[in-house]
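Participant: Turn this into a structure:
(one chain, ligands or ions: 1)
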Amino acid sequence: MPASPQAGEHLAALCAHLGGLANAFEIRWVAECASTNSALLDAPPADDGRVHVLVADRQSAGRGRRGRPWLSWDDASLTFSALWRFPPGAPAPAGLSLVAGLALARALERLGVPGVQLKWPNDVLVHGAKLAGILVELLPGRGRTLAAVIGIGINLRLPADIDLPAAIPVTALDRVLEQPPGHPPPTRSAVLAAVLGELHPLLDIFAAAGFPPLRSAWQQRNAFADLPVCISGENDTLTGLCAGVDVDGALLLRTGHGVQRVLAGDVSLRPGPGAGA
Ligand SMILES: O=C(O)CCCC[C@@H]1SC[C@@H]2NC(=O)N[C@@H]21
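Facilitator: You can find the predicted model right below:
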């Protein structure tokens with residue numbers, strides 16, 4: 001994978017933004033790859049105690065959850081993956097993708113985006129539209145999970161001439177950022193540094209104590225708290241009220257038969273009476 005023509009510039013800016021935390025990461029910024037998740041899963045870098053980050057200017061086969069493609073537009077998107085090794089004694093991976101969502105939400109808030117919300121398991125929404133997505137994939141080995149690859153795609157701008165999937169409203173950082181007039185939007189390096197700066201301490205908390213200490217921060221940003229939702233799984237659809245998440249990060253759905261734990265599926269808001277035609 002050839003380095004990005006601006007790799008040197010990007011990495012210098014990242015070091016400046018991250019300060020002392022830069023030593024916790026090994027960062028490669030390439031011009032193109034199929035998918036940053038696939039590249040790290042297929043050839044995991046040797047363990048040197050750091051979190052390995054791969055950023056791509058362009059992905060030719062970016063992947064989303066449930067086998068969907070992930071569209072991105074060169075410098076109008078930030079696409080990267082971070083390979084994090086489970087330290088000995090770390091909790092089971094459940095909950096990790098919610099931790100990644102929380103880190104991303106906090107980073108966007110720190111950059112000046114108001115009203116960031118999380119849609120279980122880990123879409124980042126602003127005003128109900130998707131700003132960023134996360135795909136966490138696990139690297140098994142020797143009878144346990146060795147590492148997780150946390151892949152993140154953030155829309156920085158939406159090019160005028162693109163066809164967006166009509167089913168999901170989509171937004172971009174330049175549309176939702178609140179900053180003084182004339183202030184330039186943050187660069188890709190600044191956005192990446194903000195995310196890594198939030199991710200690192202949250203991964204430390206997760207390694208030591210799992211999801212429980214982060215649950216309430218996630219729930220404060222729950223896009224569908226107490227709202228009627230549909231959850232589409234591989235073979236069925238569940239409906240109920242979204243009652244938050246449990247200590248393992250499973251979604252809690254209040255139905256006529258009590259509260260049910262949901263481990264996988266796509267959540268959408270269920271139109272209420274009077275909505276639509
Ligand atoms: O919302 C989703 O379905 C998840 C999208 C995840 C996209 C990112 S972009 C960087 C990394 N590489 C991939 O192929 N996918 C993730």
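Participant: For whatever residue of the stretch 1-150 of the chain ends up closest to the ligand, grab phi and psi.
Facilitator: Proximity of the stretch 1-150 of the chain to the ligand (C-beta to the nearest ligand atom) peaks at Gly133, 2.2 Å away. All C-beta spots, glycine's among them, are computed from the backbone N, C-alpha and C. For Gly133, the backbone dihedrals (degrees, to the nearest 10) come out as phi -130, psi 160.
Participant: got the contact list for it?
Facilitator: Applying C-beta atoms under 8 Å, 6 or more residues apart in numbering to Gly133 gives the contacts 64-65, 70, 122-124, 152-153.
Participant: Any idea what it is bridged to?
Facilitator: Gly133 forms beta bridges with Gly153, as assigned by DSSP bridges.
Participant: and this structure, which residues reach the ligand?
Facilitator: For the chain, the contact set with the ligand under C-beta under 6 Å from any ligand atom comprises 35-37, 59, 62-65, 68, 70, 79-81, 123, 133-135, 151-153.
Participant: switch to 5 Å and redo it
Facilitator: Within the chain, the positions adjacent to the ligand are 35-37, 62-65, 70, 79, 81, 133, 135, 151, 153 by C-beta under 5 Å from any ligand atom.
Participant: with the contacts of Gly133 in mind, which one is nearest to Pro212?
Facilitator: Asn122 (17.4 Å; C-beta to C-beta).
Participant: Isn't that closest one up against Gly101?
Facilitator: Yes - using C-beta atoms under 8 Å, Asn122 is in contact with Gly101, at 3.6 Å.
Participant: more crowded one of those two?
Facilitator: Under the neighbour definition other C-beta atoms under 10 Å, Asn122 and Gly101 were set side by side, and Gly101 has more, 28 against 25.
Participant: Output the contacting helices and strands for the helix or strand of the chain with the lowest mean pLDDT.
Facilitator: The helix or strand of the chain with the lowest confidence, counting by mean pLDDT, DSSP states H and E, is strand 266-269 at a mean of 90. Packing partners of strand 266-269 (3 or more C-beta pairs under 8 Å, 6 or more residues apart in numbering; DSSP states H and E): strand 228-232.
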